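> Sequence and predicted model, in that order:
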Amino acid sequence: MAGRIKILLLSLLLFHSVRAEEKTINLLFFPLEPSLYDLPVQDIPDSIEGYVEKYNSYLFDAGDLKRRMQNDLPYALDQLGQRRIFPILQQFIDEISRQEKYRDTQLSVKIHFILWNDALEFFKRKTTRSDFSIAQIGSEFLGGIVEQGDVLPLNRFFDSSEIHETYYPVCLKTCVLGNRRELWALPFWASLRTLFVRQDIISACPGVNPDSIFTDWNSFLRAGELFNAHIPTLRKNGFSNLESFWGVNIGDRDLNILQTLMPPIFSHCGGLIQQKMWWRECALDQGNSLNGIKTFLATAKAVGSLEELNMGLLLDQFHAGHFAMVMCGTWDHSYWRSTRPDSSSYIQVHLPPAGPCGQATLLDCCNLVLFRHDGQSDYQLEIELMRYLSTELSVQLDYVVANDRLSVIQSL
C-alpha cells in the first residue's frame, strides 16, 4: 500500500514539474510587404481553410483569423503571405529543445496578425497589448510605445559589441531613442527607399542636370519645379503621357501615404530624427501628418497630382512615361525586373538625397520590441526568440537589394 502511495506521489510531482515548465510566447505581427510577391492570387480562395488548419498550432486566435479571411480577401492575401514565418518558428523551437537548460521546457509560439491600418487603434488599448510578449512594429511607432511605458529597454540583455557586429548601423538608428541612447528594439526587417529614374525623360528636360538632382533635397525639389514647368514642352517632344516630375503611392491602405512620403520629408527636415522622435509624432497623428505632406508637396511643386495608386499601377504608369521617377521600397525591384526585364536599358536606380541625419529616415523598418509584464522577471526565452528572428535582417537586406547597392547600404 505504501509503495502505491509513493508511486502516486511521484507521478503527481512529475506531472506538476512538466506542467510548470510549459512556456508560451505570444507574438504580434504585421504583414511584411515582400511576402505578397510569392503567393499567386488565384490560390487564395482555396487556401484559406487549409492555411488555418495547417498553422492552427501557431495561431493566437485561429477562429478570428478564419472569420476575417473569409470576409476580407485583401486581408487573406496579407496573411497567407506570412507562411514563411512558421518554419522559422519551428526551427527556433527545435533548437531550444536541444539546449540543456531548456530540455524540460515545453515551448510554444503563437502569432496574432493585424493590419497596418489597425495599428493606431490597437496600440491605444492597454488590455489588448498586455496579451503579447513580443511585437514586430514599424519603426514609426516606437517612440509612442516607449512613452506609454509598454516595452523594456534591451541594453541589459545584449553586449554592445554583439549589437554592433550583428546589425547595420543605419538600422540601429531606428531602435535607439532618448538622451541616454537606450536600445528599445531590435531590427527585424528593412527596406531602403530608392528612386527609379527614367533617364531618357530627365535628360530631355532643358535646364535639368541629371548628375546634380540627387546632391541634396533642395537640389531635388528645385529640379522638380523646373521639370514641371517644362512638362508642356516635353509632351510635345514625344513624352505625351507625362504628368509630373515624380510619382508616389499614396493609396490609404496600409498607411502607404505615410510610408512613402514621410522618409523624404523628414530626411529633408533633418534634425527631428534626433531630438523629437519623429516616428511617434508623425505616425500617431495621421491627420496632421497628411496635411503636412500636402503642404510639402504643394510648396515643392514636385508632384502634379495626388491620385490613389497601388504600387503595381504606379510602376506601370511610370514605365508608360507618366512620371520621370518614382520612389519605391527595394522590394519593388522584384516586381520591376519580372514585369519589365528590358527596362534596365533606360531606367536607373538612385538613392534619394540624404538629409542632415543621413539616410536613416529613408529606411522602411520593422523592429522587434519586448513588452513589459508585471511580475515577470525572466525574459530569457523571449530575448532568445528576438535574437533568432532579428538575425534574419541581414539575409533580407541581401535579398531585396541588388549586389551593386549593398555596399552603399553597409556604409550608411
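Looks like it arrived, so ask away.

> would you put the C-alpha positions of the lengthiest strand in the chain in PDB?
Longest strand in the chain, counting residues (DSSP state E): strand 186-198. Taking Å, rounded to 0.1, in the frame of the first residue of the first chain, the C-alpha atoms of strand 186-198 are listed here in PDB:
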ATOM      1  CA  LEU A 186      16.000  45.000 -32.500                       C
ATOM      2  CA  PRO A 187      16.000  45.500 -36.200                       C
ATOM      3  CA  PHE A 188      13.900  42.700 -37.900                       C
ATOM      4  CA  TRP A 189      13.500  43.800 -41.500                       C
ATOM      5  CA  ALA A 190      14.400  46.800 -43.500                       C
ATOM      6  CA  SER A 191      14.000  48.100 -47.000                       C
ATOM      7  CA  LEU A 192      15.700  51.200 -48.300                       C
ATOM      8  CA  ARG A 193      13.700  53.800 -50.200                       C
ATOM      9  CA  THR A 194      15.100  54.100 -53.700                       C
ATOM     10  CA  LEU A 195      14.300  56.200 -56.800                       C
ATOM     11  CA  PHE A 196      13.600  54.600 -60.100                       C
ATOM     12  CA  VAL A 197      14.600  57.200 -62.700                       C
ATOM     13  CA  ARG A 198      13.700  57.400 -66.400                       C
END
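
> Can you identify each of the strands in the stretch 51-200 of the chain by residue range?
Taking DSSP state E, counting those that start in this stretch as the test, the strands found in the stretch 51-200 of the chain are 106-113, 134-138, 176-177, 182-183, 186-198.

> Can you lay out those as JSON lines showing mean neighbour count, distance to residue 145 and mean pLDDT?
In this view, the C-beta of every residue, glycine as well, is placed from N, C-alpha and C. Compiled in JSON lines, the strands of the stretch 51-200 of the chain are given as follows (neighbours: other Cβ atoms under 10 Å; distance: least, Cβ to Cβ, whole Å; pLDDT from 0 to 100):
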{"stretch": "strand 106-113", "mean neighbour count": "19", "distance to residue 145": "16", "mean pLDDT": "88"}
{"stretch": "strand 134-138", "mean neighbour count": "24", "distance to residue 145": "7", "mean pLDDT": "86"}
{"stretch": "strand 176-177", "mean neighbour count": "18", "distance to residue 145": "10", "mean pLDDT": "80"}
{"stretch": "strand 182-183", "mean neighbour count": "16", "distance to residue 145": "13", "mean pLDDT": "89"}
{"stretch": "strand 186-198", "mean neighbour count": "24", "distance to residue 145": "14", "mean pLDDT": "78"}
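
> I'd like the ones you listed as TSV, with distance to residue 58 appended.
Listed next are the strands of the stretch 51-200 of the chain as TSV, based on distance: least, Cβ to Cβ, whole Å:
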stretch	distance to residue 58
strand 106-113	6
strand 134-138	14
strand 176-177	31
strand 182-183	28
strand 186-198	17
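
> closest to residue 22 out of the ones you listed?
strand 106-113 (4.6 Å; Cβ to Cβ).

> elements contacting the closest one?
If you count contacts as 3 or more Cβ pairs under 8 Å, 6 or more residues apart in numbering; DSSP states H and E, strand 106-113 packs onto strand 22-29, helix 85-98.

> Out of those, flag the one nearest residue 156.
Nearest to residue 156, of all the helices and strands packed on strand 106-113, is strand 22-29, at 19.2 Å by Cβ to Cβ.

> still on that earlier bit, highest average neighbour count across the helices and strands packed on strand 106-113?
Mean neighbour count (mean count of other Cβ atoms under 10 Å) peaks for strand 22-29 among these, with a mean of 18.

> what's the angle from it to strand 134-138?
For strand 22-29 against strand 134-138, the angle by axes from the mean of the first three to the mean of the last three Cα atoms, to 10 degrees is 10 degrees.

> counting contacts, what elements does strand 22-29 pack onto?
With contacts defined as 3+ Cβ pairs under 8 Å, 6+ apart, strand 22-29 has these neighbours: strand 106-113, strand 134-138, helix 380-390.

> pLDDT (mean, whole number) over that strand?
Computed over strand 22-29, the mean pLDDT rounds to 89.

> can you put the helices and strands packed on strand 22-29 in CSV and add distance to residue 95?
Converted to CSV, these look like this (distance: least, Cβ to Cβ, whole Å):
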stretch, distance to residue 95
strand 106-113, 10
strand 134-138, 17
helix 380-390, 8
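
> Can you tell me which of these is nearest to residue 366?
strand 134-138 (5.4 Å).

> Sheet-wise, list the partners of the closest one with their directions.
Sheet partners assigned to strand 134-138 using DSSP bridges are listed as strand 22-29 (parallel), strand 363-370 (antiparallel).

> what's next to the first one, contact-wise?
The reference is to strand 22-29. 60, 82, 85, 105-114, 131-137, 381-382, 385 (Cβ atoms under 8 Å, 6 or more residues apart in numbering).

> again, 7 Å this time
With contacts defined as Cβ atoms under 7 Å, 6 or more residues apart in numbering, strand 22-29 is touched by 60, 82, 105-113, 131-136, 381-382, 385.

> Taking helix 380-390 as reference, get the angle to it.
40 degrees.

> Equivalent analysis for the last one, please.
Taking the same axes, to 10 degrees, one finds that strand 363-370 is oriented at 160 degrees with respect to helix 380-390.

> let's have the chain start at 381 instead
Will do, 381 is the new start, and the previous item becomes strand 743-750.

> Averaged pLDDT, strand 743-750. What do you get?
81.

> List every C-alpha atom in that strand, with coordinates, as PDB.
The C-alpha coordinates for strand 743-750 follow below in PDB (Å, rounded to 0.1, in the frame of the first residue of the first chain):
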ATOM      1  CA  LEU A 743      14.500  53.100 -44.300                       C
ATOM      2  CA  ASP A 744      11.200  51.300 -44.200                       C
ATOM      3  CA  CYS A 745      11.900  49.400 -41.000                       C
ATOM      4  CA  CYS A 746      10.200  46.700 -38.900                       C
ATOM      5  CA  ASN A 747      11.600  46.300 -35.400                       C
ATOM      6  CA  LEU A 748      11.000  43.800 -32.600                       C
ATOM      7  CA  VAL A 749      10.100  45.100 -29.100                       C
ATOM      8  CA  LEU A 750       9.700  43.300 -25.800                       C
END
